[in-house]
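# Need a 3D model of the following:
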Amino acid sequence: MLVKSLALVGALAAFGALVTAGPVAAQNYPNRPIRAIVPFAAGSATDIVARTFGDRMSLLLGQSIVIENRPGANGMIGADAVAKAQADGYTILIGTNSTNAAAPALFNNVPFDMHRDFQPVSFLCSVPLIVAVSNAVPVRTLAELIALAKTRNDLTFASASASQRVSTEMLLAMTGIKMTHVPYRQGPTAMQDLIANRVTLFTADLGVMLPQVRANTVRALAVTSSTRSPQMPDLPTVDEAAGLKGYELIAWFAMFTPANVPAEVVTKLNAAVREAAKSPELQNALTAALGMQVAPSSPEELSARVREEAAKWMQAATIAGIEKQ
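Numbering: from 1, shown residues only. Okay, the predicted model is just below:
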């Protein structure tokens, strides 16, 4: 306990050195709890990332980071709430590729401008997805599923986010098979229906899928990244399993504030993210347990990444043949 206490004191001291050089206004921030809006349900990967980073950042900032789940509309409800919040640094968004890259490619009436209405703080982490089927589906490999789908017209797939939907739609488009899309408000409900065999297939990130795969409640067929996951080294990539060259789609998570938040506040939040990311507890919770790659960034790096990802997701939606809703 003494070693851990000394380590925490050292981390706090190092963090203080990073942020005390700012103006007096920055030194007064935060002086009350910070609200972190998660635009997806409790138990989702975004929620896990938010709570894990939030716990560590609270220690560093000296104020609680209160998680508020606002799921719905593929994350747009929660993201819009942050876009319209007061620009004082006390409301932050744990955004994703769904809210801060893919939305314009999938929807006609996005209620915010992801470039104009948000201030990037830091990239947090990324994670591949697992393509899985119900245990009741009579297939063991992705190739067998593709063959089955070519003889059936009653197969379905679930999605509750842009990455979940587009990853599956890309797979269908590149293999020429058909499945009926079943949209969900939140990922945990889609998972429950996969386990109960009310949907055939669900593609979700490792954070959500891995515990179910390890518990044998669903059957994993492939991973959506270009390389295999260290957490499941025996699970092939979609490319390996189905011969789909160039197939890759991963989910990512990042922190944003409303636009026009003082630069000093952004600097302090960014420093807290970077220091939190060094924590062995955070690394164990996200990387070792869930296969996430933790990679904090500067605000400028995140801004550039959002623009690159927006172009990438527009191309992915086109390949998948998705019409805007």
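# alpha carbons only for contacts and neighbour counts from here, please
Noted.
# Could you check how far Gln63 is from Tyr90?
Distance from Gln63 to Tyr90, counting by C-alpha to C-alpha, to the nearest Å: 11 Å.
# got any residues that touch both of these two?
Jointly contacting Gln63 and Tyr90 under the rule C-alpha atoms under 8 Å, 6 or more residues apart in numbering are 30, 33-34.
# Can you select the buried ones from those in ChimeraX?
Buried subset of those, written as a ChimeraX selection, criterion 16 or more other C-alpha atoms under 10 Å:
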select :30,34
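# ok, so of the shared contacts of Gln63 and Tyr90, who is nearest Thr224?
Using C-alpha to C-alpha, Ile34 comes nearest to Thr224 of the shared contacts of Gln63 and Tyr90, at 34.4 Å.
# Hmm, Ile65 and that closest one touching each other?
Yes - if you go by C-alpha atoms under 8 Å, Ile34 and Ile65 touch, sitting 4.7 Å apart.
# quick one: the strands in the chain?
Along the chain, the stretches classed as strands by DSSP state E are 34-38, 65-69, 91-96, 118-134, 156-159, 180-183, 201-205, 218-223, 250-258, 293-294.
# got a list of contacts for the first one?
If I follow you right, that is strand 34-38. Under the contact criterion C-alpha under 8 Å, 6+ apart, strand 34-38 has outside partners 46-47, 50, 63-71, 78-79, 82, 89-95.
# partners of that strand, with directions?
Applying DSSP bridges to the sheet, strand 34-38 is found paired with strand 65-69 (parallel), strand 91-96 (parallel).
# Counting by contacts, list what the helix or strand following the longest one packs against.
Read that as strand 91-96. The helix or strand immediately downstream of strand 91-96 is helix 97, counting by DSSP states H and E. Other elements packing on helix 97 under the criterion 3 or more C-alpha pairs under 8 Å, 6 or more residues apart in numbering; DSSP states H and E are strand 250-258.
# How far off centre is the strand it packs on?
How far strand 250-258 lies from its chain's middle: 7 Å, per C-alpha atoms, centre = their mean, to the nearest Å.
# before we move on, what about stretch 35-44?
Counting by C-alpha atoms, centre = their mean, stretch 35-44 is centred 11 Å from the centre of its parent chain.
# that older thread, now tabulate the strands of the chain in TSV and tack on mean pLDDT.
Below are the strands of the chain laid out as TSV (pLDDT from 0 to 100):
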stretch	mean pLDDT
strand 34-38	98
strand 65-69	98
strand 91-96	97
strand 118-134	96
strand 156-159	96
strand 180-183	95
strand 201-205	94
strand 218-223	98
strand 250-258	95
strand 293-294	94
